[in-house]
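Engineer: Structure for the following, please:
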Amino acid sequence: MEQTGTELRPLLLSIAYRMLGSFGDAEDVVQEAYLRLHREPEQVRSVKAYLTTVTTRLAIDQLRSARRQREQYVGPWLPEPAVDGYVDLAERAALSDSLATAFLVVLERLSPEQRAVFLLRDVFGYGYQEVAGIVGKTQAAVRQTAVRARRELARERPRFDSSRQERDELVRRFVAASEHGELDGLLELLAPAATFTGDGGGKALSMPEPVLGAEQVARLVVMAFERVRTLGFEVRFAQVGGQPALRITGPGDATAAVWSLQIAGGRVAAIHSVVNPDKLGHLQTAPTPPAQPLSPVRQPGARPGGAAVRGPGPPGLRGRPRR
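Structural biologist: From the prediction side, this is the model:
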């Protein structure tokens, strides 16, 4: 039983994190599920069914409680970024997109029960009968819940329809324009209705409300990159749920921020910035494989600290300490 339970842990964490958007809360929920299993092992016919059910139901309860607590949260709330290489909750490539920040943000529109049904059915591929048993509802009720959830997400659910090559090229241009303060260049890369949402949680400098519109977002991005350069921080290309992101690091490669970029129609439609240190704790150790650093190679004519490209991948830029 113990071996089977251990093998199920990645699946349980995958479900719990997508429900809660917090690695710490997901770990707590899964740990409680295991404790309950070991308290009553003789009553369990299927370890997988039991652990999945308990994990999901605990996550539903935890999400209800968390949302009440978020009413006191300072500024916008964003999920902890699931940066590829640091966490492995995809299980298979088909599940990767469901870890993207933009996707998890949209899931916040659903009730806890709708979120559970949608994730189990549409992301993890459980049958309606299985989902009904997990959430304790009839199949008919589960089907209705799934329909309502899909309808709620229909307009806002992000479409990840661009290729990896297209995304990388867009990020390369985005970083270069941002680092050089090229507002016109950024405006060409941002969707007209682009948004920038920052989560500092009252513990790090961030915007108290989302910034709306390409021009305002472009100005904010330029200022942010200027600060990165002044502090001598680095910007590294990363991915969150298979989607492009930037990991901003300080001394000792400590993660200071993660920007998740949502791309739609060949432009950056949204930027989700997490700077709350409580949400970056899982990113303070070396990733496997390591995130691609911003290249220190400087292009001819580039100003000090300017962006540069090395090889076919996304760009690098290295901030320079103030002297």
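Engineer: Find the centremost residue of the protein, please.
Structural biologist: Computing the C-alpha centroid of the chain and ranking residues by C-alpha atoms, centre = their mean puts Thr101 first, at 3.1 Å.
Engineer: For Ser98, list the residues it contacts.
Structural biologist: Under the criterion of C-beta atoms under 8 Å, 6 or more residues apart in numbering, the contact list for Ser98 reads Arg18, Leu104, Leu119, Val123, Gly241. Heads up, the C-betas are built off the backbone N, CA and C, glycines and all.
Engineer: what residue ranges in the protein score low on pLDDT?
Structural biologist: Applying pLDDT under 70 to the chain flags the ranges 1-5, 88-95, 285-323.
Engineer: Please identify the pairing partners of the helix or strand hosting Pro192 and their relative orientation?
Structural biologist: In this assignment (DSSP states H and E), Pro192 forms part of strand 190-199. In the sheet, strand 190-199 lines up against strand 211-212 (antiparallel), strand 267-274 (parallel) (DSSP bridges).
Engineer: now what about the longest one, what contacts it?
Structural biologist: Residues outside strand 267-274 that contact it (C-beta under 8 Å, 6+ apart): 78, 80-81, 101-102, 105, 158, 170, 174, 189-191, 193-199, 206, 217, 221, 257-263, 280.
Engineer: With the shortest one instead?
Structural biologist: Applying C-beta under 8 Å, 6+ apart, the external contacts of strand 211-212 come out as Ala193, Thr195, Phe196, Thr197, Val217, Leu220.
Engineer: Throw those into a markdown table and include neighbour count and distance to Asn276, thanks.
Structural biologist: Conversion of the contacts of strand 211-212 to a markdown table gives the following (neighbours: other C-beta atoms under 10 Å; distance: C-beta to C-beta, whole Å):
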| residue | neighbour count | distance to Asn276 |
| --- | --- | --- |
| Ala193 | 11 | 26 |
| Thr195 | 19 | 18 |
| Phe196 | 23 | 16 |
| Thr197 | 22 | 12 |
| Val217 | 23 | 20 |
| Leu220 | 16 | 18 |
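Engineer: nearest to Glu113, of those residues?
Structural biologist: Within the set of the contacts of strand 211-212, Thr197 lies nearest Glu113; the separation is 25.7 Å, counting by C-beta to C-beta.
Engineer: Quick check: that closest one touching Pro210?
Structural biologist: Yes: taking contacts as C-beta atoms under 8 Å, Thr197 lies within contact range of Pro210: 4.4 Å.
Engineer: Quick one: the strands in the stretch 101-250 of the chain, in order.
Structural biologist: Defined through DSSP state E, counting those that start in this stretch, the strands belonging to the stretch 101-250 of the chain, from first to last, are 190-199, 211-212, 234-240, 243-249.
Engineer: List the neighbouring strands of the very next helix or strand once past the last one plus their orientation.
Structural biologist: This points to strand 243-249. Beyond strand 243-249 on the C-terminal side, the first helix or strand identified by DSSP H and E is strand 255-264. Partners of strand 255-264 in the sheet, by DSSP bridges, are strand 243-249 (antiparallel), strand 267-274 (antiparallel).
Engineer: Restricting to C-alpha, output strand 255-264 in PDB.
Structural biologist: Output of strand 255-264 as PDB, limited to C-alpha atoms (Å, rounded to 0.1, in the frame of the first residue of the first chain):
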ATOM      1  CA  THR A 255      14.600  34.700  -7.600                       C
ATOM      2  CA  ALA A 256      13.200  38.200  -7.100                       C
ATOM      3  CA  ALA A 257      10.300  38.000  -9.600                       C
ATOM      4  CA  VAL A 258       8.700  35.800 -12.200                       C
ATOM      5  CA  TRP A 259       6.900  37.300 -15.200                       C
ATOM      6  CA  SER A 260       4.500  34.900 -17.000                       C
ATOM      7  CA  LEU A 261       3.700  36.100 -20.500                       C
ATOM      8  CA  GLN A 262       0.400  35.200 -22.100                       C
ATOM      9  CA  ILE A 263       0.700  35.400 -25.900                       C
ATOM     10  CA  ALA A 264      -2.400  35.600 -28.200                       C
END
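Engineer: Let's have the contacts of Ser98 in JSON lines, adding distance to Ala33 and neighbour count.
Structural biologist: What follows is these, written out as JSON lines (distance: C-beta to C-beta, whole Å; neighbours: other C-beta atoms under 10 Å):
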{"residue": "Arg18", "distance to Ala33": "15", "neighbour count": "26"}
{"residue": "Leu104", "distance to Ala33": "21", "neighbour count": "25"}
{"residue": "Leu119", "distance to Ala33": "16", "neighbour count": "22"}
{"residue": "Val123", "distance to Ala33": "19", "neighbour count": "18"}
{"residue": "Gly241", "distance to Ala33": "24", "neighbour count": "24"}
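Engineer: That'll do, ta.
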